[in-house]
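Undergrad: Everything below, folded, please.
(chains A and B)
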Amino acid sequence: MRPEHWLYTIPLRLRSLFRRRQADQELDDELRDHVEQKTTEYVAKGMAAQEARRQALLEIGGVEKRKEECRDMRGVNWTQDLFQDLRYGLRMLRKSPGFTAVAVLTLALGIGANTAIFSAVNGILLKPLPYPNFSRLVEISSEKVSGSAGSGLGMITGVAPATVRDIERQCPAFEGLATYNFGQSYTLTGQSAPELLSGTVVSGNFFTFLGVGPLLGRPILPSDTKAGRDRVVVLSYRVWKDFLGGDPHWIGRKITLSGKPYNVIGVMPPRFDMEVAPKGGIWLPRVPAPDDATDRVSRFWGTLVRLEPGVTIGAAQVQLKTLSARLAAADPKEEGGWTLLARNPFMTDSQIREGLLLLFGAAGFVLLIACVNVSGLLLARSWSRQREVTIRRALGATRLRVIRQFLSEGVLLALAGGVLGVFFSAWAIRVLRVLAQPYTSNVDDIRLNPPVLWFTFSVSLLAGILFGLAPTVQVSARRISGAVKENLTGALAGSSGRHPRKLRGVLVIVEVALAVVLVIGATLVARSFENLTSIKRGFRTDHILTLGVNFSKPVCDPSNKNAATQCALAVNDVVSHVKSLEGVESAAVASSIPGRGATVGMDMKIEGQTQKIGFSGGFPFSERSVSPQYFDVVGMRMLEGRSFTTEDVGGSQLAAIVNETFANKFLADHPLGKRISDHKDKNGRPEWMTVVGEVNDSQDWWLGGVSAPIPELYLPYAQSTNVTPVAPDLLVRTAGNPMTMAAAVKQQIWAVDKNAPVTSIATLDEIASAAVAEPRFQAVLLGSFGALGLVLAMVGIYGVISYSVTQRTHEIGVRMALGAQPPNVLRMVIREGMLLAGMGIVAGVGGALALGRVLQSLLFEIKPTDPATFVGVSIALALVALAACYIPARRAMRVDPMVALRYE
Amino acid sequence: MSKPSDLVQGTLDMLLLKILALEPMNGFAVSQRLKQVSGDVLQMSDGSLYPALHKLEQEGWITAEWKTSVNGRRAKYYSLTRLGRRHLEKETDNWGRLSSAISRVVKLKEA
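TA: So this is what the prediction gives:
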């Protein structure tokens, strides 16, 4: 009956709420009516009219009180009370605008910081799956740990076809499977410019497995995987829009990919390509190879499966482990050391995740400091409202009611702070997006969407409740009369002030401790960033334009017998064309741009030494083939010997250049004339290269923080047989802004090879900056939080000391009247403040030591317990606290004893 | 009348409901009728009458209507609702059981 009952009473409750005045009037009428009738009765019994009326009123015992009781009975009071509390709270806040402004601003800063970070967390970490069908997707890969345990050399790669079949048949945990293989490049020609497209070859069921329909046309179907019917392609939205003009009539027409015609059968919707393929790609069907059933070597198939309902990824992993063991037992040579791994394909990189969570924690700290600040402010104010509280209690307000009043004020403040904070965060989010752009693809998701706003609201509410409770320490259950006597006579200082005073002191200590932890963290991260960016690169990055050139087959064909010569000619052609441009100072070509990590050198013998160097031998070095002007373009200098010239071509003596570290490590510091070899000639004898020069070291920034430079070997482009780059990087040194030359350079490239897509156009400066984008993001944000926390803590200390001085004016007056000198007073006040600050700093240092571990993975070349940082920050904060104490202390000094003594 | 305990308060509610079950009336009339029927034994102070009536209204057991009474003035008339009638039946049953139990205990002969 209860629900029906409740439903029945709703109109009643609503009426009481909304037609309050009318309901009140009716209540009034009802009771007065009763009094009238009672009076009439008494008159009828013979009483005098006045006496009758008095009697009737007595019997009802106070109309207002009865009305209140009736209203209580109606039970709508809590909403009315709430509104009343809120209105009252607003009035109180309006009365002290200074306090309100400071409190709201403080909260806005804290809440705004949290909102901004949460929007990043929400956009990057918590982003919902793009399609509901992706919910139980799991990616399976093969992993092998090579070398000795702990060497860290491991490989994660795809799954071989025969193993894929085994997974399908032997693992009941999965209810579907599809494979894909990306990393195939296709050149699109015949449109306005040749373009390089990333192709993903997929199994016939790929699109139906994922359950995402195309925007236009149809997806790849199993029927497309028959030999002869496989020249079809599905385009991503980006490719279709950017390169085919977004024209729907392309469906059914043919495009030329790497020289062959393909039928365009469909276009996928806009965001599809971000999740399961490299950006801007195309999809093609895979024709199964005849040896699929037995092929366990070709481990390059990305394998997606869907978990059966109710099966966890852990259970699936167990099944995969069993399968791996079985395969290894059956064929130890091929399968030994390999295991199958299952993982969630949409997990964010753990590095990014840790970084974001750390920032989230730091923002939380800032908010805590803000809350502590506002708590202190409220405490101070509640002290001066003691009188008000006492009167309310005397009039019959329950403790709960008074506490609720304070809470509502706190919540009001917090919500106001929240609204302002949202505005702050809007600006902060814009900055965040710019900073995060280089290293995350979900930048668009960092914005103020409903989840973020809900977060702001909840945080504001919680914060409001948290510090709204602070002043309620005043509301004790003491006997009213005693409190009334004490407070109404206004003896504020001293005795009854003990509790709040201690509490405020504790708040300051907490605030300072939090600020110390925050600032230490920020300083460590900032110094780490500085270490990162001050690494000597060894080459210049200014005024250099980089482009990726992808020669087409006719111009440079690696399978050609004369590949080296042919490609060298092409390269020279391009270089000379580009150099002819006005505004270009010099140009060169390299297999990869400096700093980006070159080819890993495999096996290398040094004449006269027995040990092999290179990856297999355990002595890593990197290899790069370059054109003659390379070192000039990137500003590296020859330490000994000569650079490459146009004489170093195929057919002449094989030349090589090493860097300083290579010379020191492998060639005993005397590199010139030594000979090394990485391949054998037709007779099986090593073909030797002669070292003709030594160049300075260059620092790879791709490795993000390896401090020791790697040995590097440079070979002339024209002579490289091992590495015939069909897709070299072109580096162009320009007089002015490099990007302005990009279009012209592209034209020159196409003048040599009109079907060569040009990719990755960027200036070296941009690339260098993007490489440290993530550490920069963290350093900037953490630094801002640290600064924010510091300012808030300083304001907090100032507030407490200042208030304390005001409280103790009377006492100070007495002291001075008794002979204390102003400097003594100054010292006394400062000592009080510094004591609190000191305790806070000690607590903060302890906390920072404990929490330092968290920062470990983010710091480059600096320990989380770096003494210099700790000492420096402690001193800085002590000075800040000193400054904060100073002003109120000076005020104390100037107290006129006569005025103070009269101050009550 | 001394402050009613919970037990007695519930009983008073029941009495009010019963009176209103007989015919709809306003608050003043209810208190008069109660005095009359119980032979002056049971009287509710005017102060507790109206809060009790409003509570009953809140619970949905009685409903109120403003009518013009015999002498031309507006008065608030309470009447029992269907929910209230059901509640009254239940409470009457309980009361019957309770009072017979109490009687049985009280009638126990001293040893």
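
Undergrad: Where does the most centrally placed residue in chain B fall, secondary structure wise?
TA: What sits nearest the mean C-alpha location of chain B, by CA atoms, centre = their mean, is B:Leu16, with 1.5 Å. Per DSSP states H and E: B:Leu16 is located in helix B:6-22.

Undergrad: so what does that helix touch, helix or strand wise?
TA: Where contact means 3 or more CB pairs under 8 Å, 6 or more residues apart in numbering or on different chains; DSSP states H and E, helix B:6-22 is packed against helix B:27-37, helix B:46-59, strand B:74-80, helix B:82-106. C-betas here are computed from N, CA, C, even on glycine.

Undergrad: Give the other helices and strands that the first one contacts.
TA: Based on contacts counted as 3+ CB pairs under 8 Å, 6+ apart, the elements that helix B:27-37 packs against are helix A:20-45, helix B:6-22, helix B:46-59, strand B:74-80.

Undergrad: Show me what counts as buried in the first one.
TA: Put plainly, it is helix A:20-45. A:23, A:27, A:30-31, A:33-35, A:37-40, A:42-43 (16 or more other CB atoms under 10 Å in any protein chain shown).

Undergrad: Which helix or strand lies directly C-terminal to the lowest-mean-pLDDT helix or strand in chain A?
TA: Within chain A, no helix or strand scores below helix A:480-488, which has a mean of 49 by mean pLDDT, DSSP states H and E. With elements assigned by DSSP H and E, the helix or strand that comes after helix A:480-488 is helix A:498-533.

Undergrad: Would you mind checking the average pLDDT for that following helix?
TA: For helix A:498-533, the mean pLDDT works out to 85.

Undergrad: What residues sit buried inside that helix?
TA: Result for helix A:498-533 [16+ other CB under 10 Å]: buried residues A:500-501, A:503-505, A:507-529, A:531-533.

Undergrad: Mind listing the strands the lengthiest strand in chain A pairs with, and their directions?
TA: With secondary structure taken from DSSP state E, chain A has its longest strand at strand A:174-189. Strand A:174-189 has its sheet partners listed here by DSSP bridges as strand A:195-202 (antiparallel), strand A:254-257 (antiparallel), strand A:302-307 (antiparallel).

Undergrad: what's the offset of it from the middle of its chain?
TA: For strand A:174-189, the gap between its own C-alpha mean and the chain's C-alpha mean amounts to 30 Å (CA atoms, centre = their mean, to the nearest Å).

Undergrad: Buried residues of it, list them for me.
TA: For strand A:174-189, by 16+ other CB under 10 Å, it's A:174, A:176-182, A:185-189.

Undergrad: what do you get for stretch B:11-24?
TA: Buried residues in stretch B:11-24, counted by 16+ other CB under 10 Å: B:11-17, B:19-21, B:24.

Undergrad: Go through those residues and say which is closest to chain A.
TA: The closest of those to chain A turns out to be B:Asp13 (CB to the nearest CB; 11.5 Å).

Undergrad: which ones are touching the residue nearest to A:Leu469 when sequence neighbours are not counted?
TA: In space, and not counting its chain neighbours, A:Leu469 is closest to A:Leu407: 6.8 Å by CB to CB, 6 or more residues apart in numbering or on different chains. Counting by CB atoms under 8 Å, 6 or more residues apart in numbering or on different chains, A:Leu407 makes contact with A:464-465, A:468-469, A:472.

Undergrad: Switch the residues you listed over to TSV, and while doing so, append pLDDT to every line.
TA: Listed next are those as TSV, based on pLDDT from 0 to 100:
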residue	pLDDT
A:Gly464	87
A:Ile465	87
A:Gly468	80
A:Leu469	79
A:Thr472	72
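
Undergrad: From the residues you listed, list the buried ones, please.
TA: Neighbour counting by 16+ other CB under 10 Å classes A:464, A:468, A:472 among the contacts of A:Leu407 as buried.

Undergrad: Which members of these are positioned in strands?
TA: Among these, no member falls in strands (DSSP E).

Undergrad: Which among the helices and strands packed on helix B:27-37 is found nearest to A:Ser460?
TA: helix A:20-45 (28.8 Å; CB to CB).

Undergrad: What angle do strand B:74-80 and that closest one make with each other?
TA: With axes from the mean of the first three to the mean of the last three CA atoms, to 10 degrees applied, the angle from helix A:20-45 to strand B:74-80 works out at 100 degrees.

Undergrad: which element follows helix A:20-45 toward the C-terminus?
TA: Helices and strands here follow DSSP H and E; after helix A:20-45, the next one along the chain is helix A:49-60.

Undergrad: which one of the buried residues of helix A:20-45 sits closest to A:Thr610?
TA: Nearest to A:Thr610 among the buried residues of helix A:20-45, counting by CB to CB, is A:Ala23 at 103.0 Å.
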